[in-house]
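Participant: Need coordinates for the following:
(3 chains)
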Amino acid sequence: MGILEVKGVNKRFGGLQALGDVNLSVKENSVHAIIGPNGAGKSTLLNCLVGKLIPDSGSVMFDGKSVLGRKPHEINQMGISRVFQTPEIFGDLSVLENVMIPCFARRDGAFRLHAYETVRKETDIREQAEAMLEDVDMLDKRHMTASSLSRGDKRRLEMAMCLVQAPKLLLLDEPTAGMARADTNNTIDLLKEIKAKRDITMCIIEHDMHVVFSLAERITVLAQGTPLVEETPENIKGHPKVREAYLGEAQV
Amino acid sequence: MDAILIQILNGLDKGSAYALIALGLTLIFGTLGVVNFAHGALFMIGAFCAVTLQKILTISVTTIDPERTDFLGNPLKVQTPYVENWFGPEIGATIVDWAVPLAILLAIPVMILVGFAMERGLIKHFYKRPHADQILVTFGLAIVLQEIIKYFYGANPIPTPAPSTFRGSLDIGVWLGFDPFTIIYPYWRLVYFFFAGTIIAAVFAFLQFTTFGMVVRAGMADRETVGLLGIDIDRRFTLMFGLAAAVAGLAGVMYTPILSPNYHMGMDFLVLSFVVVVVGGMGSLPGAVLAGFLLGILQSFASMNEVKSLLPGIDQIIIYLVAIVILLTRPRGLMGRRGVMED
Amino acid sequence: MLGLERKDTYLMLAVAFITLFAPIILNPFPAGSALAQFNAGYPDLMQRFVIFGIFAIGFNILFGLTGYLSFGHAAFLGIGSYSAVWMFKLLSMNVIPAILLSIVMAGLFALVIGFVSLRRSGIYFSILTLAFAQMSYNLAYSVLTPVTNGETGLQISLNDPRILDGPSNGGLPVTSLFGAEMRDSTTLFVGPWSWDFSVGYYVCAALMLLAFYLSVRIFRSPFGMMLRAVKSNQQRMNYTGLNTRPYTLAAFVISGMYAGLAGGLLAAMDPLAGADRMQWTASGEVVLMTILGGAGTLIGPVLGAGFIKYFENIFSKINDGILHQWFAFMPDGLENVMVTLIHPFIGKGWHLTLGIMFMLVVIFLPGGLVEGAQRTGRLFRRRDRNAGHVESDAARQRAAAE
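Facilitator: You can find the predicted model right below:
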């Protein structure tokens, strides 16, 4: 029984079957990758996990509870954090504030009218946020405006914002999309470091085989909305079905 | 039946004005991505083109007629418009009488120029700024324009009558087999409706059948790609703005016999036209036209006594009520597309 | 002090100082002198400064922090005024119950209107608020006449019950605070100067200071940070486990209550409420004030409100005669040219000046007067510390966020 159990999920957009009978099981404390060619339904699947889309049928259980019909913020409060393809951060706020907000969200829940308290006096929250920034080597940039960060730093900041919530499951949507090789390697190192330091389950949607094979313990291959295989990286490399659907074009 | 018909007819003229303003707003918004709060001011400037022409045509020369005397016994001062001197009294009088339709000739170049100046001078610099900034700067411009008009023309409405040929009413009911005098409809409103229909048809035809229109439609569907194709978007944007300004201006010119122009008419119509645009769906031209007529007619139904006695005050709020209901049930309006203006 | 950072304490003290001594500060020119027309230290105008200051401070909590541009806030101003006048009619001429009811009623309306309008964002939100405000305005003029007294406006009369006050003796009663009449004032003569200290002004000023203090607290609170986060990135908010809707709704209701307070005070100074207070042009005015002063800054809205109300008053008083006096030193021809050139912008042309100023601010100074002051300040400081000294990006950003 995995921490995330997807059973028989279907999703249609008009005439297009985006997801057809998807089953997926992600084990606790593992790194699970979902790969597949363009249009395989990876993003649709991800959106079904975080509450942005609701599947037509099937079930998505997280930690023994169904996530279906819940709003994104409720699902986050259950313990799922998401990293976006292009970093989604609070551009107008300082780096430190960016990390403090998830700390507040974790402590106070989805809403609290803390209008008469003072941010400056929230020492616990600030220390928590600063420790997190220290962890990702960004403490010296804490007073910078987030939008003025480099792309790589924005990615780091977004990770920090997700990790400071201590999520049970971290979803990563193509975390290295559009990056140069050096940045990609940095990201891989960052993720490995994160994984080494804490108990966390990661689910990565990725295009880049290099990233997938460096990180993942199990890989699910998606093609035309249906999972073809679920295997370890070693077994995936030689799998004929996968080669046919995917590797034939990518030549790894 | 005749009561319903009469309300539909009554709603047509207001609906036509809404539709024309909303059409221009949508053109500007759809192609340029700019929310133009000064669009009502363009409608007003159009209306004042008619006022101006009327004033110019009635500039008179004062002659003293020794034959006649006024009530004090002095020689009578006779004011003769110059046009009557030049073209003879009859033709001259006709020209003055037809001032409003003639003002179209004046309004087209004036409005296009105003539109060009606005786009080049101001709007251009706001394409990349947030929508809130666009709203604010055009709102400021609207205030400035209406104050300028107020400075030159005063605060009171200026009556501008329709040509005398169109001053009466038409007994439409008789044509349709009702008793005489059941459905009476002023000629000018009919004229306005057909005029608006012609303009709307012309704009759609222009967008449908010319290369320029094709580019504009493509731009409305996907602005970035059209920009990437190396099409000279800038010049077309300016032209587009001029066109939209002309449409609003013409709507204003012809509306003057229905509503005597005053300096705040632009704002009054703008607020409603925005509601119309949103109801029709931001960025949808047919939506704007449809919603314009729909709301005009709904408003006239709501002002029927039978309805008012049932729901007091409904005539005052019907448009807003419809807007709220539509926005909440169909977030993108009647015919709007996804993802427009939701940031 | 009072749970504020040192910088905010200074700001608070400065505002308090200016507000308390406004009758003196705003009357720098001796009465009867040629420049006395620029004096603003008379109760009626000063009251408008602080009342519209409150209105703008509240509007800024919504627009400045969350970025939601409401075009219908005047509705709450109007509701505040009507509630206050009804309190004067039914209960007592004491302003306390009237103001309390204004805040509560405006808050309730804001809750309902905000709940519906905040289901949409961007321009759709603006249009929804506009639609609600116009509906209120139109209804106040027509069917709600029994409540609003339509075009005439709601006034107090001798026949009103006024349960707590008992029957009045003779003339119309006046609004008061436990016996201190709002229109009461003492005039102090010092040499050629005269200063008016009015009860009404100080009641408004005290409430404005309270309103300002609360807004500083909100800006510095976690709640305020959440509101800025809403403006910055709603998507990230949701995926961080935060529900944006109640945050924006709370901001909307708070700013509605501020507007209600302002409306209540308007009625407390002059017990009259008309529907035109709810018209969308009035909503536009508070937008102008906030932007002109600097949206999202603490002091900006107050500055903007003061600026607009001051110039509205002064500009509309200047006439051609005064202009001729000013330019009397010029040769006659030039004098007339100058007067003709300036004429459209003064007197009734004040709105033209306002419109132009507003456009210039939006185009060149999106941060409003506050940004202008900061830029000039930086210019001087830079000159002091030799050219080339550029402040760090972060410091500038913090200043902008302030």
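Participant: Excluding sequence neighbours, find me the nearest residue to the closest residue to chain B within chain A.
Facilitator: Across chain A, the shortest distance to chain B (C-beta to the nearest C-beta) belongs to A:D92, at 11.9 Å. For every residue, glycine as well, the C-beta is placed using N, CA and C. In space, A:D92 comes closest to C:S232 once its chain neighbours are excluded; the distance is 4.3 Å by C-beta to C-beta, 6 or more residues apart in numbering or on different chains.
Participant: how near is that neighbour to chain B?
Facilitator: Applying C-beta to the nearest C-beta, to the nearest Å, the value for C:S232 to chain B is 12 Å.
Participant: Run a quick neighbour tally on that residue.
Facilitator: 21 (other C-beta atoms under 10 Å in any protein chain shown).
Participant: Go ahead and confirm it touches A:S94.
Facilitator: No. Judged on C-beta atoms under 8 Å, C:S232 makes no contact with A:S94 at a distance of 11.1 Å.
Participant: how deep is C:V50 tucked in, by neighbour count?
Facilitator: Neighbour count for C:V50, taken as other C-beta under 10 Å: 28.
Participant: Now it: closest residue in space that isn't a chain neighbour?
Facilitator: C:M208 (4.1 Å).
Participant: Could you tell me the end-to-end distance of stretch C:172-184?
Facilitator: Length of stretch C:172-184, first residue to last, C-alpha to C-alpha, to the nearest Å: 15 Å.
Participant: Now that stretch: buried residues?
Facilitator: By neighbour count on 16 or more other C-beta atoms under 10 Å in any protein chain shown, the buried set for stretch C:172-184 is C:P173, C:T175, C:S176, C:L177, C:M182.
Participant: just stretch B:31-50 next, same as before
Facilitator: So stretch B:31-50, judged by 16+ other C-beta under 10 Å, has buried residues B:31-50.
Participant: try stretch A:125-134
Facilitator: A:I125, A:R126, A:Q128, A:A129, A:E130, A:M132, A:L133.
Participant: again, but for stretch B:156-164
Facilitator: Of the residues in stretch B:156-164, B:P157, B:I158, B:T160, B:A162, B:P163 count as buried by neighbour count, 16+ other C-beta under 10 Å.
Participant: quick one: contacts of it?
Facilitator: Residues from elsewhere that reach stretch B:156-164 (C-beta atoms under 8 Å, 6 or more residues apart in numbering or on different chains): B:50-51, B:54, B:97-101, B:167, B:187-188, B:191, B:256-257, B:259-262.
Participant: one more time with 6 Å, if that's ok
Facilitator: B:A50, B:V51, B:Q54, B:D97, B:W98, B:V100, B:W188, B:T256, B:P257, B:S260, B:P261, B:N262 (C-beta atoms under 6 Å, 6 or more residues apart in numbering or on different chains).
Participant: Quick one: residues contacting the fifth one.
Facilitator: The neighbours of B:W98, taking C-beta under 6 Å, 6+ apart as the test, are B:P163.
Participant: quick one: the strands in the stretch 1-150 of chain B?
Facilitator: B:60-69, B:75-81 (DSSP state E, counting those that start in this stretch).
Participant: and the longest one with strand B:75-81, angle?
Facilitator: Here the directions of strand B:60-69 and strand B:75-81 differ by 150 degrees (axes from the mean of the first three to the mean of the last three C-alpha atoms, to 10 degrees).
Participant: how distant is strand B:60-69 from the center of its chain?
Facilitator: How far strand B:60-69 lies from its chain's middle: 41 Å, per C-alpha atoms, centre = their mean, to the nearest Å.
Participant: doesn't C:N233 make contact with the residue of chain A closest to chain B?
Facilitator: No. Counting by C-beta atoms under 6 Å, A:D92 stays clear of C:N233, with 8.5 Å between them.
Participant: Could you count how many residues lie near whichever residue of the stretch 51-200 of chain A sits closest to chain C?
Facilitator: Relative to chain C, the nearest point of the stretch 51-200 of chain A is A:N76 (3.6 Å; C-beta to the nearest C-beta). By the criterion of other C-beta under 10 Å, A:N76 has 27 neighbours.
Participant: The one 4 residues further on now?
Facilitator: Neighbour count of A:I80, defined by other C-beta under 10 Å: 28.
Participant: Let me see the contact set for it.
Facilitator: Neighbours of A:I80 in contact, by C-beta under 6 Å, 6+ apart: A:L169.
Participant: how close does it get to A:R112?
Facilitator: Note on A:I80: its distance to A:R112, by C-beta to C-beta, to the nearest Å, is 21 Å.
Participant: Just the strands from the chain, written as ranges.
Facilitator: In the absence of a named chain, chain A is used. Using DSSP state E, the strands found in chain A span residues A:4-13, A:16-26, A:31-35, A:57-62, A:65-66, A:80-83, A:169-173, A:201-205, A:218-223, A:226-231.
Participant: wrong chain, I was asking about chain C
Facilitator: Along chain C, counting by DSSP E, strands occupy C:154-155, C:176-177, C:180-181, C:185-190, C:193-198, C:272-273.
Participant: any idea which of those is most buried?
Facilitator: Of these, the one with the most neighbours on average (mean count of other C-beta atoms under 10 Å in any protein chain shown) is strand C:272-273, at a mean of 23.
Participant: how far is that one from where the chain is centred?
Facilitator: Relative to the chain's own centre, strand C:272-273 is displaced by 18 Å; criterion: C-alpha atoms, centre = their mean.
Participant: what's the burial count for the closest residue to chain B within the stretch 201-350 of chain C?
Facilitator: Using C-beta to the nearest C-beta, the single residue of the stretch 201-350 of chain C nearest to chain B is C:P344, 5.1 Å away. Counted with other C-beta under 10 Å, the neighbours of C:P344 add up to 16.
Participant: repeat for B:P286
Facilitator: 15.
Participant: give me the element it is part of.
Facilitator: Assigned by DSSP states H and E, B:P286 belongs to helix B:285-302.
Participant: got a list of contacts for that helix?
Facilitator: B:7-8, B:10-11, B:14-15, B:18-19, B:22-23, B:26, B:200, B:276-277, B:279-281, B:314-315, B:318-319, B:333-335.
Participant: ok, back up a step: quick check, nearest of the buried residues of stretch B:156-164 to chain A?
Facilitator: Among the buried residues of stretch B:156-164, B:P157 lies closest to chain A (C-beta to the nearest C-beta), at 46.7 Å.
Participant: Please report the distance of B:G283 from B:F29.
Facilitator: To B:F29, B:G283 is 6 Å away according to C-beta to C-beta.
Participant: go on, C:K309?
Facilitator: On the measure of C-beta to C-beta, C:K309 and B:F29 end up 34 Å apart.
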